[in-house]
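Asker: Here is a sequence with its predicted model. Questions after.
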Amino acid sequence: MVHGVLPSLLSAAMAVGAKPRVAEETRISPNIATVRSATREQLEAIFNKYASVKREDGNFMTNNDYIFDFLGMEAEKNTDEKIIKLIAGTVDLSKDGLISIDEFVSFEKMLRKPDALFLLAFQLFDTRGTGMVSFDEFKEVFSQTEVHQHIPFEFDSPFMTMHFGDERKKQLSYHEFCQLLGDIQLEHARQAFARMDTSKDGFINAQDFKEIMTTIRTHLLSPSVARNLVAVVGSETCHLVSYAYFTAFNGLLSQMDLVKKVYYHVAGPKSNADVIKEDMLRAAQSFTAITPLEVEILFLLAELHRDDGHSSGTISYRDIVALSPEESEFDLIETVQRLQPLPVHRSAAVQTAESAYRFTLGAMAGATGATFVYPIDLVKTRMQNQRGSLVGEIMYKNSLDCFLKVIRHEGVLGLYRGLPPQLVGVAPEKAIKLTMNDFVRDRLRRKDNTLPLGYEMIAGGCAGASQVMFTNPLEIVKIRLQVAGEIASAKRIGAISVLKDLGFFGLYKGSRACFLRDIPFSSIYFPAYAHIKASFADESGKNSAFSLLAAGTMAGAPAALIPTPADVIKTRLQVQARTGQAAYSGVIDCARKIMAQEGPRAFWKGAGARMFRSSPQFGVTLVTYELLQRLLYVDFGGRPPEGSDIAERQKRAQLTRQPFRNPDHIGGWRVAAAAYSGVETKFGLFLPRVYSPLSRPVRDNIPQHLPHAQRILRPQYAPPAPIPSE
């Protein structure tokens with residue numbers, strides 16, 4: 001029932017934890033932020049801009065001024081003027097066909113109230129402006145809704161008698177009307193069941209059941225439930241729905257929040273464990289509103305949702321979330337924001353501070369990842385530098401042989417030879433790579449909040465190019481330290497001696513090959529990571545630490561493999577040639593000599609070690625970076641870390657901070673279009689031909705036989721493509 005759902009679209013806009021940023025927002029409690037009133041002077045200026053009637057006693061908006069010009073609603077040709085007058089009458093309290101400035105200001109105040117959605121519905125039915133709703137008014141308005149036209153509501157019923165009296169003379173106050181509005185959908189569904197039970201044996205078939213649910217009770221249907229409305233009833237040979245099953249099904253879906261509490265009672269509030277039916281039944285005894293039949297239906301829906309071909313007899317929290325009506329799908333204010341987000345202005349100082357913050361976290365994450373995989377990197381380097389048999393040079397059969405021989409001849413610490421300069425350099429290297437990728441992605445993101453694959457690759461390429469100024473010096477020092485142990489009789493050298501030997505310009509030897517390696521690597525890695533991460537997110541769009549690690553590791557494999565030839569050339573250029581080894585004058589010379597002397601397979605030396613090093617390194621680096629962003633989160637007003645609770649909270653907080661598409665919708669008017677849409681989608685009060693540009697059905701499962709399922713939005717309101725997580 002509707003009264004079991006958040007009663008106001010504005011309540012969804014009162015975002016959790018929002019910080020004061022602009023004049024239109026204020027904190028009223030630790031957990032709620034609301035829209036502040038626009039001044040009368042501001043409203044008058046906007047009102048006069050749209051008011052087409054100029055008289056000595058003031059300016060006035062006509063119905064068309066208000067609906068089509070100011071709100072931006074749409075209408076088909078030959079729209080009944082009664083419908084236009086009915087919608088405009090929600091503001092036109094005098095019902096004279098003209099909207100005054102006082103009515104305009106009064107309606108703005110109403111839109112800021114927590115029960116604005118019910119107030120709007122009440123004014124829609126109060127067609128005479130008396131402050132009460134009569135039976136005739138209710139019947140007149142409800143009869144024009146598309147749901148009634150498809151499945152007629154029986155006005156001559158005991159339900160209406162209890163609300164309006166036997167002679168239908170009783171008038172409803174605002175609170176009485178709200179209760180009627182909360183109960184009428186379930187009553188309508190019950191009437192539809194009785195009408196479709198033609199044999200009067202207490203059963204309807206599965207198709208009739210589906211028609212009732214998708215026409216009258218669609219607000220309770222998640223996509224998973226909508227797909228399985230026929231499968232969930234009866235058996236494979238008998239698809240009949242009893243009245244008891246019908247009421248239990250509706251009762252279950254209307255109290256999914258209570259089902260979550262029962263689950264928490266069994267599994268614990270922070271668990272996603274699988275719970276068996278017996279435990280749920282036992283726990284449900286503490287909640288008398290949940291019946292055993294509802295528990296049976298719950299587990300059947302969960303089994304159909306998993307669609308794995310067998311019954312597990314368990315349910316998880318993710319199953320419950322997938323079966324619940326998603327609050328975000330009713331949050332049409334959020335829909336507006338996704339259709340046309342406008343950026344919050346941030347000063348250069350704030351953006352600089354954000355870059356410094358990301359740089360610091362990137363440095364910490366980079367150092368963690370480098371330490372984790374450094375032994376693999378050392379093996380990779382020695383395998384790539386192996387050219388032939390020289391006196392005193394230790395030869396390696398493969399990566400494992402190299403690993404074991406390093407431990408045998410140099411000890412375990414030999415696996416970390418050259419680590420200190422690596423850590424000194426890897427901090428700024430990884431930090432600038434991660435920061436630059438985020439920075440360029442934010443700059444290339446389109447107005448509809450999407451980022452094409454080509455732009456993702458450009459952002460990654462810029463990140464790879466920017467890191468070379470740090471990568472090349474640290475790698476040439478690291479490589480020379482790593483290969484120093486290959487000659488058993490060689491004198492031990494340190495980082496300082498290598499730096500003195502190379503000089504400043506020597507630190508950038510092989511930088512061209514470094515560009516050839518790092519730009520393709522990052523162009524492949526970051527887009528792959530973003531898309532794999534998005535595919536690993538759960539139903540609510542959140543990523544666990546394990547899914548982040550898996551996404552980072554998987555994306556690293558192809559990104560590391562493809563640029564291996566460039567990495568081999570870079571290694572050869574940066575290693576100091578020994579007596580008897582070929583010396584190279586540049587990238588092309590090196591490539592030619594390797595091909596001539598060692599063949600094409602030499603370009604892929606160390607590919608396995610490189611993949612085994614880069615994949616887990618970037619997996620560890622990215623998961624560390626993202627977890628640090630969550631644990632040490634600072635709100636700079638930019639994009640929060642995707643796939644986290646912070647992203648969800650920040651998304652809701654931004655709803656009250658950012659303006660909507662029409663800059664003239666200020667104060668309470670910011671949520672006007674969403675409020676009109678909420679009356680339609682939450683209460684099923686779809687009026688023919690005239691509709692808000694936001695009233696597009698929020699779910700694909702709305703039945704296509706209803707006219708409102710076929711509505712086409714204006715081009716500027718076309719929804720964006722799915723946004724990949726970053």
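Answerer: Received it, and whenever you're ready, just let me know what you need.

Asker: Which of the helices and strands in the protein ranks last by mean pLDDT?
Answerer: Ranking every helix and strand in the chain by mean pLDDT, DSSP states H and E puts helix 9-13 at the bottom, with a mean of 30.

Asker: buried ones in the helix ranked longest in the chain?
Answerer: Assignment by DSSP state H gives helix 348-385 as the longest helix of the chain. By 16 or more other Cβ atoms under 10 Å, the buried positions in helix 348-385 come out as 354-355, 357-359, 361-385. The C-beta positions use only the backbone N, C-alpha and C, and glycine is treated the same way.

Asker: Give me the distance between it and the centre of its chain.
Answerer: Here helix 348-385 is found 27 Å from its chain centre; the criterion is Cα atoms, centre = their mean, to the nearest Å.

Asker: pLDDT (mean, whole number) over that helix?
Answerer: Helix 348-385 carries an average pLDDT of 80.

Asker: name the element residue 592 belongs to?
Answerer: In the assignment (DSSP states H and E), residue 592 maps to helix 587-598.

Asker: got the buried residues for that helix?
Answerer: Neighbour counts using 16+ other Cβ under 10 Å place 587, 590-591, 593-594 of helix 587-598 among the buried residues.

Asker: Same check on stretch 545-555?
Answerer: Using 16+ other Cβ under 10 Å as the test for burial, stretch 545-555 gives 547-555.

Asker: From the contact counts, what lies against the longest helix of the chain?
Answerer: helix 399-410, helix 419-444, helix 453-483, helix 564-574, helix 607-631 (3 or more Cβ pairs under 8 Å, 6 or more residues apart in numbering; DSSP states H and E).

Asker: Look up how far residue 177 lies from residue 163.
Answerer: 9 Å (Cβ to Cβ, to the nearest Å).

Asker: First-to-last residue distance for stretch 570-590?
Answerer: For stretch 570-590, the first and last residues are 9 Å from each other (Cα to Cα, to the nearest Å).

Asker: scratch that, stretch 50-59
Answerer: Start-to-end, stretch 50-59 (Cα to Cα) is 10 Å.

Asker: Which residues does that stretch contact?
Answerer: With contacts defined as Cβ atoms under 8 Å, 6 or more residues apart in numbering, stretch 50-59 is touched by 47-48, 60-62, 65-66, 69-70, 98, 100-101, 664.

Asker: I only care about these that end up buried; give me the PyMOL line for that.
Answerer: The PyMOL command for the buried members of the contacts of stretch 50-59 (criterion: 16+ other Cβ under 10 Å) is given here:
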select buried, resi 47+60+61+62+65+66+69+70+98+100+101+664
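
Asker: Among the contacts of stretch 50-59, which lie within helices?
Answerer: If you go by DSSP H, the contacts of stretch 50-59 have 47-48, 101 in helices.

Asker: Make JSON lines out of these and add distance to residue 527.
Answerer: Output for those, formatted as JSON lines (distance: Cβ to Cβ, whole Å):
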{"residue": "47", "distance to residue 527": "48"}
{"residue": "48", "distance to residue 527": "50"}
{"residue": "101", "distance to residue 527": "53"}
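
Asker: As a markdown table, the residues you listed with pLDDT and distance to residue 532 would be great.
Answerer: Converted to a markdown table, these look like this (pLDDT from 0 to 100; distance: Cβ to Cβ, whole Å):
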| residue | pLDDT | distance to residue 532 |
| --- | --- | --- |
| 47 | 94 | 51 |
| 48 | 93 | 54 |
| 101 | 94 | 55 |
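
Asker: and of those residues, the nearest to residue 320?
Answerer: Residue 320 lies nearest to residue 47 out of the ones in helices among the contacts of stretch 50-59, by Cβ to Cβ, at 47.2 Å.

Asker: I'd say that closest one and residue 104 touch.
Answerer: Yes: here residue 47 reaches residue 104: they are 5.0 Å apart, a contact under Cβ atoms under 8 Å.

Asker: tell me, what's touching the two both at once?
Answerer: residue 61.

Asker: Show me where the stretch 251-400 of the chain has its strands.
Answerer: Assigned by DSSP state E, counting those that start in this stretch, the stretch 251-400 of the chain shows strands spanning 275-276, 314-315.

Asker: Of all pairs in the contacts of stretch 50-59, which one spans the longest distance?
Answerer: Taking Cβ to Cβ as the measure, the contacts of stretch 50-59 span a maximum distance of 19.3 Å, between 98 and 664.

Asker: remind me which residues of the stretch 101-250 of the chain are low pLDDT?
Answerer: Within the stretch 101-250 of the chain, the segments meeting pLDDT under 70 span 234-238.

Asker: can you map out the strands along it?
Answerer: 203-205, 240-242.

Asker: what lines up beside the first one in the sheet?
Answerer: In its sheet, strand 203-205 lies beside strand 240-242 (antiparallel), with partners assigned from DSSP bridges.

Asker: Quick one: distance of the partner strand to the chain centre.
Answerer: Offset of strand 240-242 from its chain centre (Cα atoms, centre = their mean): 38 Å.

Asker: what's the answer for stretch 453-462, then?
Answerer: 21 Å.

Asker: Dump that stretch to PDB, restricted to CA.
Answerer: Presented in PDB, the C-alpha positions along stretch 453-462 are these (Å, rounded to 0.1, in the frame of the first residue of the first chain):
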ATOM      1  CA  LEU A 453      35.200   4.400 -24.200                       C
ATOM      2  CA  GLY A 454      37.500   6.500 -26.500                       C
ATOM      3  CA  TYR A 455      37.600   9.300 -23.800                       C
ATOM      4  CA  GLU A 456      38.400   6.700 -21.200                       C
ATOM      5  CA  MET A 457      41.300   5.500 -23.200                       C
ATOM      6  CA  ILE A 458      42.500   9.100 -23.700                       C
ATOM      7  CA  ALA A 459      42.300   9.700 -19.900                       C
ATOM      8  CA  GLY A 460      44.300   6.500 -19.300                       C
ATOM      9  CA  GLY A 461      46.900   7.500 -22.000                       C
ATOM     10  CA  CYS A 462      47.400  10.900 -20.400                       C
END
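
Asker: Touching it from outside, list them.
Answerer: 436-437, 440-441, 444-445, 451, 519-520, 522-527, 530, 724.

Asker: Show the buried residues in these.
Answerer: Buried among the contacts of stretch 453-462 by 16+ other Cβ under 10 Å: 436-437, 440-441, 445, 451, 519-520, 522-527, 530, 724.

Asker: Residue 145: which of these is nearest?
Answerer: Of the buried ones among the contacts of stretch 453-462, the one sitting nearest to residue 145 (Cβ to Cβ) turns out to be residue 724, at 38.6 Å.

Asker: Would you mind measuring from the closest residue to residue 440 other than its chain neighbours to residue 71?
Answerer: In space, residue 440 comes closest to residue 459 once its chain neighbours are excluded; the distance is 3.9 Å by Cβ to Cβ, 6 or more residues apart in numbering. Going from residue 459 to residue 71 by Cβ to Cβ gives 38 Å.

Asker: between the two, which one's more packed in?
Answerer: For the pair residue 459 and residue 71, the greater number of neighbours falls to residue 459 (27 against 21), based on other Cβ atoms under 10 Å.

Asker: Is there a neighbour count for residue 156? I'd like the number.
Answerer: Neighbours of residue 156 (other Cβ under 10 Å): 7.

Asker: which residues touch it?
Answerer: Neighbour list for residue 156: empty [criterion: Cβ under 8 Å, 6+ apart].

Asker: what's in contact with stretch 191-198?
Answerer: 151, 153-154, 157, 203-204, 208, 212, 215-216, 243, 246.
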